[in-house]
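In: fold the following, please.
(one chain, ligands or ions: 1)
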Amino acid sequence: SDLTRENLENWEELELKEYNFNAKGQPLDAGHLHPLLKVRKQFKDIFCQMGFEEMPTNNFVESSFWNFDALFQPQQHPARDSHDTFFLKAPSTTRELPEDYVERVKQVHESGGYGSRGYNYEWKREEANKNLLRTHTTAVSSRMLYALAKGPFTPKKYFSIDRVFRNEAVDRTHLAEFHQVEGLICDRGLTMGDLIGVLQEFFSRLGMSKIRFKPTYNPYTEPSMEISGYDEAKEEWLEIGNSGIFRPEMLQPMGLPDDVRVIAWGLSLERPTMILYKTENIRELFGHKVQL
Ligand SMILES: COC[C@@H]1[C@H](c2ccc(C#Cc3ccccc3)cc2)[C@@H]2CN(C(=O)Nc3ccc(OC4CC4)cc3)C[C@@H](O)[C@@H](O)CN12
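Out: Numbering: from 1, shown residues only. Predicted structure coming up:
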């Protein structure tokens, strides 16, 4: 019977059917957070709980100087050519660089110093001036460490999580861009033991408590280690990141005291998200929906 005013007045007399508590509710057409951003929040919480401060990563465009030269990455390194890096047409060159620091970087590339032999090649300023889309957030780390060297030294823990761009062939699991997660600790007398310890703490908070290391090479860290974590569910070892100690050829030209060490590590946001959300194809997560 329809619910009219008089019906409502004597509702006790009405015969109402049993309430079905198992009935599905109306489908909510509310939105939902993107998995990548949920995992980004998870990482941010872990870093903040471990006392890290976030670095300002709001510049996709960077100079080759901060992205490569400041990291002691030689100008003829394959990662620096246009097959791997997106260089900008306009503005093609950076506006200004700290000249005195640039001079020290030129020196350390050409003839070393601080106990290093350098690369013994003619370093070119035009190369360092080229603007690009940053290939890693380590470009932000170099800016932050240079800023730290300007003032009286205080130990710092920094992290960054943001988009980076690589001019690579795209496929099911690789896009021309991804989100890099990077952590670094800057303090006097840090050792590989500190690096291993902080990696164990970081990854155990991600549910990866069994990790192991393998020596590897990065142009800007020595020694460097690839990190693998044991996936209990799949019963297999997974590559979960890369790490190392920034080289003196990177830190000394900045003007950091010579007993200051910087331990750092990096991973992506997409890989853990794909694992945590059981996504097979990265395009379900991020990037162009076109089927290649
Ligand atoms: C060009 O692509 C590089 C990217 C990306 C990467 C690699 C290295 C760095 C770095 C660094 C670095 C080193 C020294 C000093 C500072 C930064 C950053 C990102 C991931 C790094 N990788 C990666 O993320 N794997 C990963 C990470 C976490 C994870 O979480 C599980 C839920 C717990 C699962 C997997 C390893 C591989 O996926 C690798 O094939 C792809 N790598």
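
In: give me the nearest residue to residue 239, chain neighbours excluded.
Out: Nearest in space to residue 239, with sequence neighbours left out and distances taken as Cβ to Cβ, 6 or more residues apart in numbering, is residue 228 at 5.6 Å. The C-beta positions use only the backbone N, C-alpha and C, and glycine is treated the same way.

In: count the neighbours of residue 36 for me.
Out: Using other Cβ atoms under 10 Å, the number of residues around residue 36 comes to 18.

In: then the one 10 residues further on?
Out: Counted with other Cβ under 10 Å, the neighbours of residue 46 add up to 19.

In: for it, what is the enclosing helix or strand?
Out: helix 35-49 (DSSP states H and E).

In: how about low-confidence regions in the stretch 51-200 of the chain?
Out: 172-173 (pLDDT under 70).

In: if we use 90, what do you get?
Out: Within the stretch 51-200 of the chain, the set of residues satisfying pLDDT under 90 comprises 79, 82-83, 168-176.

In: pLDDT wise, what is the closest residue to residue 114 other than its chain neighbours at?
Out: Distances taken as Cβ to Cβ, 6+ apart place residue 252 nearest to residue 114, at 4.2 Å, with adjacent residues excluded. Residue 252 is assigned a predicted lDDT (pLDDT) of 98.

In: picking that back up, correct me, but the residue nearest to residue 239 touches residue 210?
Out: No - Residue 228 lies out of contact with residue 210 (Cβ atoms under 8 Å); the separation is 9.3 Å.

In: neighbour count winner among the two?
Out: residue 228 (18 against 13).

In: so which strand or helix has the more buried one?
Out: Short version, using DSSP H and E: residue 228 is in strand 221-231.

In: how about whichever helix or strand comes after that strand, which residues are buried there?
Out: Per DSSP H and E, the first helix or strand lying C-terminal to strand 221-231 is strand 236-246. Of the residues in strand 236-246, those buried by neighbour count under the rule 16 or more other Cβ atoms under 10 Å are 238, 240-246.

In: still on that earlier bit, and the residue nearest to residue 114, what does it touch?
Out: Residue 252 makes contacts with 108, 113-114, 258, as judged by Cβ atoms under 8 Å, 6 or more residues apart in numbering.

In: in ChimeraX, select just the buried ones from those residues.
Out: Buried residues within the contacts of residue 252, by 16+ other Cβ under 10 Å, are selected in ChimeraX with:
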select :108
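
In: for the contacts of residue 252, work out which two are farthest apart.
Out: Within the contacts of residue 252, 108 and 258 form the most distant pair, 13.6 Å apart (Cβ to Cβ).

In: who are the packing partners of the helix holding residue 46?
Out: Counting contacts by 3 or more Cβ pairs under 8 Å, 6 or more residues apart in numbering; DSSP states H and E, helix 35-49 packs against strand 156-165, strand 177-188, helix 270-276.

In: mind redoing it with 6 Å?
Out: strand 156-165, helix 270-276 (3 or more Cβ pairs under 6 Å, 6 or more residues apart in numbering; DSSP states H and E).

In: looking at the ones you listed, spot the one closest to residue 188.
Out: Comparing the helices and strands packed on helix 35-49 against residue 188 with Cβ to Cβ, the closest turns out to be strand 156-165 (11.8 Å).

In: how about the closest one and the ligand, any contact?
Out: No - using Cβ under 6 Å from any ligand atom, strand 156-165 stays clear of the ligand, with a minimum separation of 8.0 Å.

In: direction included, what does that strand pair up with?
Out: Sheet pairing of strand 156-165 (DSSP bridges) gives strand 53-54 (parallel), strand 177-188 (antiparallel).

In: mind checking the SS state of residue 267?
Out: strand (DSSP: H, G, I helix; E, B strand; the rest coil).

In: nearest residue to it other than its sequence neighbours?
Out: residue 241 (3.6 Å).

In: what about the residue of the stretch 1-150 of the chain found nearest the ligand, distance to residue 65?
Out: Closest contact between the stretch 1-150 of the chain and the ligand, by Cβ to the nearest ligand atom, is at residue 138 (5.2 Å). Residue 138 is 13 Å from residue 65, where distance means Cβ to Cβ, to the nearest Å.

In: spell out which residues of the chain are next to the ligand.
Out: Close to the ligand, as judged by Cβ under 6 Å from any ligand atom, the chain has residues 138, 180, 182, 206-208, 218, 221, 238-244, 264-268, 271-272, 275-276.

In: show me which of these are buried.
Out: When those are checked for burial by 16+ other Cβ under 10 Å, the buried set is 138, 180, 182, 206, 208, 218, 221, 238, 240-244, 264-268, 271-272, 275.

In: all good on my end, thank you.
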